[in-house]
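Participant: My questions are about this predicted structure, shown below with the sequence.
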Protein chains: 2
Amino acid sequence: MKLLAVGTVAYDAIETPFGKTDKILGGAATYIGLAASKLGAKVNLVSVIGGDFKPEYIEVFHKNSIGIEGVKKIEEGKTFFWAGKYHTDMNNRDTLITELNVLENFEPKIPDSQKNSEIVMLGNLHPAVQLSVLEQMSVKPKLVILDTMDFWMNTAWDSLLQILSQVDVITINDAEARQLSGEFSLVKAAKKIQEMGPRVVIIKKGEHGALLFNENKIFFAPALPLEDVFDPTGAGDTFAGGFAGYITQTADLSYENMKKAIIVGSALASFTVEKFGTEKLQHISSLEFENRLNEFKKLTEYNYSF
Amino acid sequence: MKLLAVGTVAYDAIETPFGKTDKILGGAATYIGLAASKLGAKVNLVSVIGGDFKPEYIEVFHKNSIGIEGVKKIEEGKTFFWAGKYHTDMNNRDTLITELNVLENFEPKIPDSQKNSEIVMLGNLHPAVQLSVLEQMSVKPKLVILDTMDFWMNTAWDSLLQILSQVDVITINDAEARQLSGEFSLVKAAKKIQEMGPRVVIIKKGEHGALLFNENKIFFAPALPLEDVFDPTGAGDTFAGGFAGYITQTADLSYENMKKAIIVGSALASFTVEKFGTEKLQHISSLEFENRLNEFKKLTEYNYSF
């Protein structure tokens, strides 16, 4: 199988209690691509960058065998730029700068060779842009995964409902799940969201882990308790990319495999937050990854006979 | 083994978005006793009540084989009374009334026959009162479990440090763990608290589950995602009572058994929040309990081969 991931490729400038960066490589599609490629999944990105995008960052994609035929470069434009600041409680951040630049008129164009991708990951973008991706597919994907945010609930409700009716899986954080559904209880929220379209609802709770709702079944993946969260930027996209990438690589769309996929996503996200930006995600060794999966196992495993 | 539990036996008046109660049976020792007795553990309470304490509530203890020889009745006094109100976010509550009454001059007196209890659960009380319990034991307990709260950190710091140095296990919520340790990261907080005495630190995160720190090992017990949390009063004490009761009943103090004990505590707490006060906790059938444990298993179990 192959994974098509649509989303931003960006410059981020990040400030945390541990330090700050200049413009570094960021964007949802970047994290999704890196996470999926770590798992050996064949992944292609669809995005847009400006003439200022550094060749060394193009090299990052090549080195990780991430397809960028669908990443359009607009020479006269500038790459999407986001600057943000985190405080001690890393669950909250202030956006300091958002420059849409080339993203403003982004019309994704799927390369012909990728229009039959079995798995499609729609990163957080305007729902109309996400819709146009699905319309370009020549073969109905086996699994469509959507990420979205409160901003689109406030500004593009009708388009959001339309795309929701066409996806299989949604990843969303807890506050957004509550806003989207109008329900405080996450169990009730997930049920309402399932009625909007997605059969599977994944609610991300940051340091409190993630819930996977599939029909009437619930699975919970913990987040790894860490001494320090150095920089949470990209953790949610890494999680989603790990989830999509694991399913792509194993070509197994069952509920049992989705459970493993969110553990894998959580494990990869636990690396992302250890350093600034994509730095750690780019350099995870097989042994580190194996050990991390073992830590997740030990975190919740117990003897079931009482 | 037998469990000695020291704490409040109280009247509570509770208001939640789902309704409100008159004065009903409450108090830390009550929930601890009921939770432990559900597991078949031999449990004795040490507490104090007033002349206004209803005979029907005495009957609740008798019916559940909870020893109350150590519960002193002061005929001319009134039972400790707490009234509180919860909002939609059940993690926060407003205290409306606190009448200490007979609790004000409470000096726990351990009956001679219970001074050799192997497991001691010190419910949330003034640290000096908790200390006086340990001083009365004729045989050093095999396991001392302490619950405390921010109030004692603000008003009785030195006594708190003294009792901390003498306990094996502490149960504490996340905000209190941060206050006690001065660390935001719960992993760092647990380490600092371990240096204060308790070998095992259990951090309660309410709807986000609980973390068990034992030496360098971490175990995570999820909370069951519920459609509605009807009334969270007593959930933390039920959790602690289930933990202490399971260890008492199995007479197994190993780390592996502690993991099971916090799952049991979480399962019992998930019942407590389904109805007002102790109503549900008093009437859990064996089948319901077994099914609930199975739900916990399904919540985090996955195939570990990747």
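Facilitator: Nice, thanks for sending it over.
Participant: A:Asp231: what secondary structure?
Facilitator: A:Asp231 falls in the coil class when you classify it by DSSP: H, G, I helix; E, B strand; the rest coil.
Participant: What residues does the stretch 51-200 of chain A have near chain B?
Facilitator: By Cβ under 8 Å from any Cβ of the partner chain, the residues of the stretch 51-200 of chain A that approach chain B are A:88-89, A:184-188. Where C-beta positions appear, they are placed from N, C-alpha and C, glycine not excepted.
Participant: run the last query once more with 7 Å
Facilitator: Residues of the stretch 51-200 of chain A found near chain B (Cβ under 7 Å from any Cβ of the partner chain) are A:88, A:184-188.
Participant: Tell me which helix or strand A:Val71 sits in.
Facilitator: Element membership of A:Val71, judged by DSSP states H and E, is strand A:66-74.
Participant: So for that strand, mean pLDDT?
Facilitator: Averaged across strand A:66-74, the pLDDT comes to 98.
Participant: Tell me which strands that strand pairs with, and in which orientation.
Facilitator: Using DSSP bridges, the strands paired with strand A:66-74 are strand A:42-50 (parallel).
Participant: on that earlier part again, how far off centre is the strand holding A:Val71?
Facilitator: Distance of strand A:66-74 from its chain centroid, counting by Cα atoms, centre = their mean, to the nearest Å, is 18 Å.
Participant: Pull the residues that contact that strand.
Facilitator: Strand A:66-74 has contacts (Cβ atoms under 7 Å, 6 or more residues apart in numbering or on different chains) with A:9, A:33, A:37, A:43-51, A:53, A:61, A:102, A:109-111, A:114.
Participant: Just the buried subset of the residues you listed, please.
Facilitator: Listed as buried from the contacts of strand A:66-74 are A:9, A:33, A:37, A:43-50, A:53, A:61, A:102, A:110, A:114; burial here means 16 or more other Cβ atoms under 10 Å in any protein chain shown.
Participant: and of these, the nearest to chain B?
Facilitator: For the buried ones among the contacts of strand A:66-74, the minimum distance to chain B (Cβ to the nearest Cβ) is 16.4 Å, reached by A:Ser37.
Participant: Out of the residues of the stretch 51-200 of chain A next to chain B, who's the most crowded?
Facilitator: Highest neighbour count within those, by other Cβ atoms under 10 Å in any protein chain shown: A:Leu186, with 22 neighbours.
Participant: correct me, but that residue touches B:Leu226?
Facilitator: No. A:Leu186 lies out of contact with B:Leu226 (Cβ atoms under 7 Å); the separation is 9.1 Å.
Participant: Buried residues, the strand holding A:Val71. List them.
Facilitator: For strand A:66-74, a neighbour-count test (16+ other Cβ under 10 Å) marks A:66-68, A:70-74 as buried.
Participant: would you turn those residues into JSON lines with distance to A:Ile172?
Facilitator: Output for the buried residues of strand A:66-74, formatted as JSON lines (distance: Cβ to Cβ, whole Å):
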{"residue": "A:Ile66", "distance to A:Ile172": "25"}
{"residue": "A:Gly67", "distance to A:Ile172": "27"}
{"residue": "A:Ile68", "distance to A:Ile172": "27"}
{"residue": "A:Gly70", "distance to A:Ile172": "25"}
{"residue": "A:Val71", "distance to A:Ile172": "25"}
{"residue": "A:Lys72", "distance to A:Ile172": "28"}
{"residue": "A:Lys73", "distance to A:Ile172": "31"}
{"residue": "A:Ile74", "distance to A:Ile172": "30"}
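Participant: which non-adjacent residue is nearest the residue of the stretch 101-250 of chain A found nearest chain B?
Facilitator: Of all residues in the stretch 101-250 of chain A, A:His208 sits closest to chain B, at 4.1 Å by Cβ to the nearest Cβ. In space, A:His208 comes closest to B:His208 once its chain neighbours are excluded; the distance is 4.1 Å by Cβ to Cβ, 6 or more residues apart in numbering or on different chains.
Participant: Find me the pLDDT at the one you found, would you?
Facilitator: Here, the pLDDT recorded for B:His208 equals 94.
Participant: what helices or strands is the one helix or strand A:Gly84 maps to leaning on?
Facilitator: Using DSSP H and E, A:Gly84 falls within strand A:81-86. If contacts are counted by 3 or more Cβ pairs under 7 Å, 6 or more residues apart in numbering or on different chains; DSSP states H and E, strand A:81-86 sits against strand A:10-16, strand A:93-99.
Participant: And chain B, is the first one touching that?
Facilitator: No. Contact between strand A:10-16 and chain B is absent, the nearest approach being 12.5 Å (criterion: Cβ under 7 Å from any Cβ).
Participant: For chain B, state which of the buried residues of strand A:66-74 is nearest.
Facilitator: A:Ile66 (21.4 Å).
Participant: Report the spatially nearest residue to that closest one, omitting neighbours in sequence.
Facilitator: Leaving aside its chain neighbours, A:Ile66 sits nearest to A:Gly33 (4.2 Å; criterion: Cβ to Cβ, 6+ apart).
Participant: Could you check the angle the strand or helix carrying that neighbour makes with strand A:42-50?
Facilitator: Here A:Gly33, judged by DSSP H and E, is contained in helix A:28-38. Going by axes from the mean of the first three to the mean of the last three Cα atoms, to 10 degrees, helix A:28-38 is angled at 150 degrees with respect to strand A:42-50.
Participant: Render the CA-only coordinates of helix A:28-38 in PDB, please.
Facilitator: Extracted in PDB, the C-alpha atoms of helix A:28-38 (Å, rounded to 0.1, in the frame of the first residue of the first chain):
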ATOM      1  CA  ALA A  28       1.900  18.900   9.400                       C
ATOM      2  CA  ALA A  29       2.900  17.000   6.200                       C
ATOM      3  CA  THR A  30       6.500  17.100   7.200                       C
ATOM      4  CA  TYR A  31       5.900  15.400  10.600                       C
ATOM      5  CA  ILE A  32       3.400  13.000   9.000                       C
ATOM      6  CA  GLY A  33       5.900  12.100   6.300                       C
ATOM      7  CA  LEU A  34       8.800  11.600   8.600                       C
ATOM      8  CA  ALA A  35       6.800   9.500  11.100                       C
ATOM      9  CA  ALA A  36       5.400   7.300   8.300                       C
ATOM     10  CA  SER A  37       8.800   6.800   6.600                       C
ATOM     11  CA  LYS A  38      10.400   5.800   9.900                       C
END
